[in-house]
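got a structure for you, letters missing:
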């Protein structure tokens, strides 16, 4: 359970963590909802509060580092889950490589079009 001072630190630094979450959300493929990034950022703040030692560093430093690392991990997990090799695609669909390549390129084109449409705003 968190102490009152730890809860106050989380409340005070939540805007920073949320700003980082939004930044990662916008820089990614945006396939995960923003709430996933915000949840990871909040968990990062809780971890930072528990690891914080005032004699070693400032809370801002440790919070920024831990929240950023958690968001990087989430981003990388998201990126890996979208990566599919041609062999895997052909095996999953039981198709030849030309058909698999066509489906993968179509999927990539759709994702890129969505990303480009979002990044214009």
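That came in fine, so what should we check first? On a predicted model such as this, the values are computed, not experimentally measured, just so you know.

What is the burial count for residue 77?
12 (other CB atoms under 10 Å). Using the backbone N, CA and C atoms, a C-beta is placed for each residue, glycine as well.

Check which helix or strand it maps to.
In this structure, residue 77 sits in helix 59-82 according to DSSP states H and E.

hmm, who's touching that helix?
Applying CB atoms under 8 Å, 6 or more residues apart in numbering, the contact partners of helix 59-82 are 9, 13, 16-17, 20-21, 24, 27-29, 31-32, 36-37, 40-41, 43-45, 47-49, 51-52, 111.

in that helix, what's buried?
59, 62-64, 66-68, 70-71, 74-75, 78 (16 or more other CB atoms under 10 Å).

Could you find the lowest-pLDDT member of those residues?
For the buried residues of helix 59-82, the weakest pLDDT value sits at residue 78, with 75.

any idea how far residue 76 lies from residue 54?
Separation of residue 76 from residue 54 (CB to CB, to the nearest Å): 31 Å.

make that residue 2, sorry
16 Å.

Between these two, which has more neighbouring residues?
residue 2 (12 against 7).

my guess is that one meets residue 49, correct?
Yes: counting by CB atoms under 8 Å, residue 2 touches residue 49, with 6.7 Å between them.

Spell out which residues are contacts of both of the two.
residue 10.

How is this protein partitioned into domains?
1-82, 84-121 (automatic domain parsing).
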